Structure formats: structure tokens, C-alpha cells
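Student: all I have is the shape, not the residue letters:
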Ligand code: AMP
């Protein structure tokens, strides 16, 4: 497989003056990005081996941090500044990083970047770990998915062959924080094609006036976001081809693409293509894809998640491991070069979810689905993982942290759904002493404590205090009975 860093380097050589990234705190050209990354790689060369945590939000120096790490032969771990310190410490404890770089560190270490000149660095390739993305883990510890150089190349090459991206002519929207693997789609498709990546910051997204003003002047041609974000944009009536005249394609991943979202985009952007892609972080962003055209919209609601990428195999398996028949429901299993070798420093979790078959890596997704004539359909989870506006959350992760709050005896966290879509989380809590009339204050205080330990998007919106949980015949908290209280 051809080396990804060499490919980015040839983009730099051909188009050094082109803007690589428009982020918070300004923009950066390919030349400056590469020169700073090389300077950082040299600075990192003195460090011990091991991954580099790069901590920031949407700054161009994030990209310097990523490329500098891989140019020094080290994988990077993207960490968003919105994560509470306690969560970052847990990641640090698992990752044992060789360096932790804030944006100020990246700036200081690369301030004397040479305007020209090539430096020799030990870059990486093959099955070297390229990045490690931490995602929710069911016991309260985030788990780090290791993605190798070749996993990433498998993903990028598939997208390039399918999406007809024009070299040097695309402007990509970056909506997801770099700590989520959806961002890998826009970041690397942009870097290998000499595109410009335009990031939306957390603040942009929180302020709809600023958001649409920014979109209007962005010249975006390739939209990469969660479906929820596009649905939110569709609420604005002027969000259409007049606002974004260059828009050519919408690429979605990470959660179900609602029929009404795809249909809404098709009518507002008649010249643009809408694609649904599906896959877990453990199989490098996406493994299946489908063009959602008029025929597909007419034939399917809910929409399918697509066809497997060439070179990977997606099979539906019954609980006993045998392959399901066409149309029969089962677990979605992915095999192929885009499957991760496993979770960082967690052989127990790795062997529970990953396997190898005929020399290929395989991953049990925990997703339920079926295939009909090669077209795949997603039907939800087989476990306690949920998606809230595209964020992957293990309910057990939140429960473990609620249980650690002083005074809490037990906790059950459940999804609050509306029309089949998880909108938020609810926590049922048994305290050593029931707060009685002080429930409101107690729930505020619980959320405040939790906010120091878990990301905002994992906070239960609703908290209910109970004297005890309803119990199932085999002595466990009766989650169904609790869910009925949410209806
Ligand atoms: P993440 O690792 O955060 O990308 O989350 C992966 C999970 O998101 C998958 O295992 C699915 O449960 C869900 N998912 C990803 N893409 C889709 C899609 N297109 N439709 C429905 N669910 C999806």
C-alpha cells in the first residue's frame, strides 16, 4: 500500500501555498503545516517511544500535532479540550504517552520551523499504529481503538475510488471534533487530495447565526457530518444551494440517517449527492456505503446503510456464529484490512470483540442488522451502547461514574427515546439517604460532580431518585420497569 505520508508530502510539494486548514485561531498552508510537523517530529525524536496525546479543539496546530507525531514514528491520540481533566487522566493512564502536547506546546516546539528544506525523520507505514481514538467503555474507562497506517489507507483509498473527489478543488466541512473518528473522513480525504478543511468550532455550532454566516462564506463542496447536525441545519430555511452553491456531496456516518434528513437535503441541494456510510471506529470510520438517490428514497424507509467496501466482508451471523440467510437478522460482523488490531493495552476487551479468520482481522460490531441482495440494513444494538446526536455512549460508562458520586448506592442509566431516536439519557439513582424535597438540588449537584468526570454529551439530562429499584425475578434492577417510567 502506498505510504500516506508520502502522498501528503507530494501534495505539499505541488501545492505548498494552498490553505490546508481553516480552523479556530486562523488558517495554515500546506507548506507551513508540513514544515511545522517536521520540526515537531524532530523535537519528539528525543522522547521515549509511545503515542503522543494531542490536546486541543479545532486549531490548525492540531493537524501539526497529528502529522508531527506520525512523522516521528509515533501514533497520536486526539483529545478534545472539552473533556474533563479526570477523563483525560484515565486516557493517559491507559495510553502511557511519550508526550502530551497542548496547542501552546505545539506552537512553542515548532516556532522556528524552516520555511523550506526537508528534514530526515522516521516516518511510519504498514501496520504501525497511526492514531488511537478513545471511545466510551462499559465499565467507566474509555477504551483506545488502535488504527494502523494500513487500516487508514484501506479506508482512504476506498473513498477516493468511490467518491470522485477533484484533486486540489474540494473544500471539506469538518464538524466532528478530531477525537471522533468521523473527523478522519474529512481530515484525510482533504489532506491526500490537496483540499481545504474548514472546521466548525464548538462555539460556531452553539450559535446558529454565527454558524450560518460561516457556512455562507465557506465555499464547502464536500459536507461531512453526523446526520443529526445536518438535520439541525435543515431547520434553517435558508440552508440550501443558494447558501452553499458549490456543494457536491454530503457524506454521513456515525448514526442512522433519517429518511426525512436525506429527502430534505435532496430537495434543498438538487445538484448534490447524499451518501450514507456505516461503520464503527474499530473498522476505521466506515465499511459500507450507499448513494441515497431518488430511487433509494422511494424504495426504502428506513434507509439502508449500504454495500460493503471492496476488500472487506460484512457478514450477518446468528448467535451460534453461523451465517444468517439473506434477509435474516443477526449480528453485523466486519472482516478486512480496515479492522483495527484491537484496543490499546486491553487484551481482555480485544479478545472479546476481535478475532482473526483466514488471515484477516474480524470485529463483532454488536450491531443488529440484515442483508438483502448485498444491501445492508441496521436495526439497532444488541447491548447497552447508544448514540446521542452521533455520540457513542456505553450506558455502563455513565452508570459507573454515577455510582462513584459520594452518597450514591446504585444507579441505572437509560436512553430517553422519541420516535425511535435517542434524544438524551435519564439516570435512576438510589442514594444512601433519599433527598426527599431536595431532589432538584440533589440532581443539580449530581450533574455538577459528574461533569468533572465525563464529557458533557454523556451527562444524564433527567435524574430521578428512588428508594430502591424494581427487581427482576433473578434479582437484577428491572430496566424495563424503569424504562416504563420514561414513557
Ligand atoms: P462510532 O464508533 O462512534 O463511529 O460508532 C459506531 C456505531 O455507530 C456503529 O456500531 C453503529 O451502531 C452506529 N452507526 C454508525 N454508522 C451508522 C449508520 N450509517 N446508520 C446507523 N447506525 C450507524
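Tutor: That came in fine, so what should we check first? No experiment lies behind these values; they were computed from the predicted model shown. Numbering: from 1, shown residues only.
Student: any idea how far residue 252 is from the residue nearest to residue 327 when sequence neighbours are not counted?
Tutor: Nearest non-adjacent residue to residue 327, counting by Cβ to Cβ, 6 or more residues apart in numbering: residue 372, 5.3 Å away. Every residue, glycine included, has its C-beta placed from N, CA and C. Residue 372 sits 21 Å away from residue 252, going by Cβ to Cβ, to the nearest Å.
Student: higher neighbour count, those two?
Tutor: Neighbours were counted for residue 372 and for residue 252 using other Cβ atoms under 10 Å; residue 252 has more, 30 against 11.
Student: the more buried one reaches residue 229, doesn't it?
Tutor: No. At 9.3 Å, residue 252 and residue 229 do not qualify as touching, with contact defined as Cβ atoms under 8 Å.
Student: so what's the residue of the stretch 1-150 of the chain found nearest the ligand up against?
Tutor: In the stretch 1-150 of the chain, the residue that lies nearest the ligand is residue 135 (5.7 Å; Cβ to the nearest ligand atom). Residue 135 makes contacts with 142-143, 145, 281, 392, as judged by Cβ atoms under 8 Å, 6 or more residues apart in numbering.
Student: on that earlier part again, phi and psi next, for the residue nearest to residue 327.
Tutor: Per-residue torsions, residue 372: phi -130, psi 110 (degrees, to the nearest 10).
Student: and it, how far from residue 318?
Tutor: 16 Å.
Student: also residue 195?
Tutor: 43 Å.
Student: these two: which has the busier surroundings?
Tutor: residue 195 (27 against 13).
Student: so which residues on the stretch 301-450 of the chain come close to the ligand?
Tutor: 305, 365, 367, 378, 381, 387, 392 (Cβ under 6 Å from any ligand atom).
Student: on that earlier part again, nearest to residue 38, of the contacts of residue 135?
Tutor: residue 145 (27.2 Å; Cβ to Cβ).
Student: what is the burial count for that closest one?
Tutor: Neighbour tally, residue 145, other Cβ under 10 Å: 23.
Student: ok, now residue 331?
Tutor: Residue 331: 18 neighbours (other Cβ under 10 Å).
Student: so it bridges to which residues?
Tutor: residue 317, residue 368 (DSSP bridges).
Student: shift numbering so it begins at 22
Tutor: Got it, the first residue is 22 from now on, which makes the last one we talked about residue 352.
Student: so it touches residue 403, yeah?
Tutor: Yes. Look at residue 352 against residue 403 with Cβ under 8 Å: they come within range, at 6.2 Å.
Student: what do those two both touch?
Tutor: 387-389.
Student: and the residue of the stretch 372-508 of the chain at minimum distance from the ligand, its phi and psi?
Tutor: The nearest approach of the stretch 372-508 of the chain to the ligand comes at residue 413, 3.6 Å away (Cβ to the nearest ligand atom). Torsion angles at residue 413 (phi, psi; degrees, to the nearest 10) stand at phi -80, psi 120.
Student: is it correct that it is in contact with residue 406?
Tutor: Yes. The pair residue 413 / residue 406 is scored as a contact, 6.5 Å apart, by Cβ under 8 Å.
Student: list residues touching both of the two?
Tutor: residue 157.
Student: listing request: residues of the stretch 222-371 of the chain with sub-threshold pLDDT.
Tutor: The stretch 222-371 of the chain contains no residues with pLDDT under 70.
Student: ranges for the helices of it?
Tutor: Secondary structure of the stretch 222-371 of the chain by DSSP state H, counting those that start in this stretch: the helices cover 223-227, 229-237, 248-255, 280-289, 315-320, 368-374.
Student: and residue 258, how many residues sit next to it?
Tutor: Neighbours around residue 258, by other Cβ under 10 Å: 7.
Student: quick one: it from the ligand, how far?
Tutor: 26 Å (Cβ to the nearest ligand atom, to the nearest Å).
Student: quick one, phi psi at that residue?
Tutor: Per degrees, to the nearest 10, the backbone of residue 258 is at phi -70, psi -30.
Student: tell me the contacts of it?
Tutor: No residues are in contact with residue 258 under the rule Cβ under 8 Å, 6+ apart.
Student: quick one, what contacts residue 157?
Tutor: Per Cβ under 8 Å, 6+ apart, neighbours of residue 157: 163-164, 406, 413-415, 418, 479.
Student: which ones among those are found in strands?
Tutor: The strands, defined by DSSP state E, take in 164, 406, 413-415 from these.
Student: which of those are buried, as a PyMOL select command?
Tutor: In PyMOL, a selection of the buried entries from the ones in strands among the contacts of residue 157 looks like this (16 or more other Cβ atoms under 10 Å):
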select buried, resi 164+406+413+414+415
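Student: need the max-distance pair from the ones in strands among the contacts of residue 157.
Tutor: Most distant of those, by Cβ to Cβ, are 164 and 414, 12.9 Å apart.
Student: measure residue 196 to residue 98 for me?
Tutor: From residue 196 to residue 98 the distance is 21 Å (Cβ to Cβ).
Student: ok, residue 368 next?
Tutor: Taking Cβ to Cβ, one finds residue 368 at 19 Å from residue 98.
Student: do the same with residue 425
Tutor: 24 Å.
Student: do the same with residue 349
Tutor: 39 Å.
Student: do the same with residue 287
Tutor: 38 Å.
Student: more neighbours: which of these two?
Tutor: residue 98 (26 against 17).
Student: give me every residue that touches that one.
Tutor: By Cβ under 8 Å, 6+ apart, the residues touching residue 98 are 72-75, 112, 116, 118, 152-155, 165.
Student: now swap in residue 176 and tell me
Tutor: 205, 209, 305-307, 330, 359.
Student: which element is it on?
Tutor: helix 170-184 (DSSP states H and E).
Student: in that helix, what's buried?
Tutor: Buried residues in helix 170-184 (16+ other Cβ under 10 Å): 170-180, 184.
Student: what's the following helix or strand after it?
Tutor: By DSSP H and E, the next helix or strand past helix 170-184 is strand 192-195.
Student: centre of the chain to the helix or strand that that next one is followed by, how far?
Tutor: As assigned by DSSP H and E, the chain's next helix or strand after strand 192-195 is helix 203-214. Computed by Cα atoms, centre = their mean, to the nearest Å, the chain-centroid distance of helix 203-214 equals 13 Å.
Student: what angle do helix 203-214 and helix 248-255 make?
Tutor: If you take axes from the mean of the first three to the mean of the last three Cα atoms, to 10 degrees, helix 203-214 sits at 80 degrees to helix 248-255.
Student: the next helix or strand after helix 203-214 pairs with which strands?
Tutor: Using DSSP H and E, the helix or strand that follows helix 203-214 in sequence is strand 217-220. Its sheet considered, strand 217-220 pairs with strand 40-44 (parallel), strand 192-195 (parallel) by DSSP bridges.
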